[in-house]
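Engineer: need the 3D shape of this:
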Amino acid sequence: AHVDLQGNFIEVNQKFCQLIGYSHAELIHRSFFELMVPQKLQLQNNYDYAQVTERYLDRLLSGKLPFITIENIYINQTGTQIWVNITVSLVRTDAGEPDYFVSAFEDISDRKLLEQKLHTSEAELRSVFAAMTQIVLAIDAEAEVIKVSPTSPALTYNNEVDPIGEIINQVIYGSYRSTL
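Structural biologist: Okay, the predicted model is just below:
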């Protein structure tokens, strides 16, 4: 998309129109800030996407940055929130003055959903570990210990003996057994 210095679309391609759900005619001369998640929702997340975007655009205009890449939430025509990764660069006139921005938009909604699921899964796993009453050894595919978690304060774990990086059989049957 091409965006003027005030933030209004001056040219958009069909792919962007499909992503946002608006026609070419509906987007031309419309501000890209209008498509961002509403200020009320931004403040609930303690993040002002418009303010951050404006700061980065100012750095582009001043020549401090050659381009920017930011993640923002946009609202499509049906009201659905779409996470987008936006890369923006500034096009200058022959005289070196700022002319307009060229922006590439990538839909990253699926990635953001997976990140949220991963975060939830990690929190659940931490809760499970915290509720266990035994020492837990986490191992990788090569049977190497990657985490030791004494989950109960009543259990003793000798921090001077560190099985991290050892093969699980050595920990269970070897010299570590008596020290854990």
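
Engineer: in this protein, which spans are strands?
Structural biologist: Secondary structure of the chain (DSSP state E): strands at 2-3, 9-11, 67-75, 81-92, 98-107, 135-139, 145-150.

Engineer: burial of residue 132, as a residue count?
Structural biologist: For residue 132, the neighbour count with other C-beta atoms under 10 Å is 13. Backbone N, C-alpha and C define where each C-beta goes, glycine included.

Engineer: mind listing what the closest residue to residue 105 other than its chain neighbours touches?
Structural biologist: Leaving aside its sequence neighbours, residue 105 sits nearest to residue 84 (C-beta to C-beta, 6 or more residues apart in numbering; 4.9 Å). Residues near residue 84 by C-beta atoms under 8 Å, 6 or more residues apart in numbering: 19, 71, 72, 73, 74, 105, 106, 107, 108.

Engineer: dump the strands of the chain into CSV; add distance to residue 114 as well.
Structural biologist: Below are the strands of the chain laid out as CSV (distance: least, C-beta to C-beta, whole Å):
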stretch, distance to residue 114
strand 2-3, 29
strand 9-11, 30
strand 67-75, 14
strand 81-92, 11
strand 98-107, 13
strand 135-139, 22
strand 145-150, 22
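
Engineer: redo those as TSV? Include mean pLDDT.
Structural biologist: Converted to TSV, the strands of the chain look like this (pLDDT from 0 to 100):
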stretch	mean pLDDT
strand 2-3	95
strand 9-11	96
strand 67-75	88
strand 81-92	93
strand 98-107	95
strand 135-139	79
strand 145-150	75
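
Engineer: and the ones you listed: which comes nearest residue 128?
Structural biologist: Residue 128 lies closest, by C-beta to C-beta, to one member of the strands of the chain: strand 135-139, at 9.2 Å.
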